[in-house]
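Q: Here is a sequence with its predicted model. Questions after.
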Amino acid sequence: TVFPDQQKAAVRVAQRIANLIRTKQDKGQHTVLGLATGATPVAVYAELVRLHREEGLSFRDVITFNLDEYYPMQPDAAQSYVTFMNENLFDHIDIDKEKVHIPDGTLPREQIQAYCLNYERKIEAVGGLDLQVLGIGRTGHIGFNEPGSAPNSGTRLVTLDDLTRRDAARDFGGKGNVPTKAITMGIGTIFKAREIILMAWSRKKAPIIKKAVEGDISSEVPATYLQLSDNVEFVLDEDAASEL
Ligand code: GLP
């Protein structure tokens, strides 16, 4: 779906999330959201905050799992995805912080594998992801599933692509300060979500959107795996869709 601009697209995505939460609330059920970081979802989170403040949308029955976190990363660091989520969403809504899950960037290396398996189990224990929102990196990564990621991959420790680290350099004051690793949900984890929305804005994303939507399905561009799913919507602005 192509929107004239990012703001209109973000409002539509936020409305869809709000409708899901309200429909499930009416049935006495919780909603399980898979959330993303980066500049792309910021306008969606701002609109969700507005819906909470002005239209009474409640997040008390919402459980969230974030896609990824840098490794190593302290949660209170300025660049952590914990800080990002708190500043952009969680500090401004009535979510129960006990129901928020973001991969832990502080674990000793030898505990990560068991931690990642447990992350998957926690998602399954609450009934699986109702909706996963995604951005896309210029390498074609979703979450931090870089080129080479297997379609059935689970939550795990990964090595970041050089281009991904260059794109993050500004946030860290230089590429050398960007962690070389991250913990990310896998492609397989993302695929289990009942609905997936991938968002992209601006001309900078147009070449990778063309590859993701029209290119051959290949681990070289992990987002191409989404072509295999029939519950994915690409939500784009005109600039990101300009090469399609
Ligand atoms: C990071 C995140 C991804 C995100 C990507 C794009 O690498 N781990 O989940 O999709 O950046 O970022 P942006 O939305 O800032 O372009």
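A: Happy to help now that I have it.
Q: What helix or strand is residue 48 located in?
A: helix 42-55 (DSSP states H and E).
Q: Oops, could you answer that again for residue 165 instead?
A: helix 162-172.
Q: list the buried ones in that helix?
A: Residues of helix 162-172 classed as buried by neighbour count (16 or more other Cβ atoms under 10 Å): 164-165, 167-168, 172. Placement of C-beta: from N, CA and C, glycine included.
Q: any idea which helix or strand comes after the helix holding residue 48?
A: Taking DSSP H and E, what comes next after helix 42-55 is strand 62-66.
Q: what's the next secondary structure element after that next one?
A: Past strand 62-66, the next helix or strand by DSSP H and E is strand 68-71.
Q: Could you let me know which of the buried residues of helix 162-172 ends up closest to residue 228?
A: Minimum distance to residue 228 across the buried residues of helix 162-172 is 23.2 Å, recorded for residue 164 (Cβ to Cβ).
Q: Hmm, the closest one is touching residue 142, no?
A: No. Counting by Cβ atoms under 8 Å, residue 164 does not reach residue 142; the two are 11.8 Å apart.
Q: For the strand or helix carrying residue 18, C-alpha coordinates in PDB please.
A: Assigned by DSSP H and E, residue 18 belongs to helix 6-26. What follows is the C-alpha trace of helix 6-26 in PDB, where atoms were taken according to Å, rounded to 0.1, in the frame of the first residue of the first chain:
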ATOM      1  CA  GLN A   6       4.900   9.000   5.900                       C
ATOM      2  CA  GLN A   7       2.500  10.700   8.200                       C
ATOM      3  CA  LYS A   8      -0.600   9.400   6.500                       C
ATOM      4  CA  ALA A   9       0.900   5.900   6.300                       C
ATOM      5  CA  ALA A  10       1.900   6.000  10.000                       C
ATOM      6  CA  VAL A  11      -1.700   7.000  11.000                       C
ATOM      7  CA  ARG A  12      -3.100   4.100   9.100                       C
ATOM      8  CA  VAL A  13      -0.700   1.600  10.700                       C
ATOM      9  CA  ALA A  14      -1.400   3.000  14.200                       C
ATOM     10  CA  GLN A  15      -5.200   2.800  13.500                       C
ATOM     11  CA  ARG A  16      -4.800  -0.900  12.500                       C
ATOM     12  CA  ILE A  17      -2.900  -1.600  15.800                       C
ATOM     13  CA  ALA A  18      -5.500   0.300  17.800                       C
ATOM     14  CA  ASN A  19      -8.300  -1.600  16.100                       C
ATOM     15  CA  LEU A  20      -6.600  -4.900  16.900                       C
ATOM     16  CA  ILE A  21      -6.100  -4.000  20.600                       C
ATOM     17  CA  ARG A  22      -9.700  -2.800  21.000                       C
ATOM     18  CA  THR A  23     -11.200  -5.800  19.200                       C
ATOM     19  CA  LYS A  24      -9.200  -8.200  21.400                       C
ATOM     20  CA  GLN A  25     -10.000  -6.100  24.500                       C
ATOM     21  CA  ASP A  26     -13.700  -6.400  23.800                       C
END
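Q: Kind regards, and thank you for your time.
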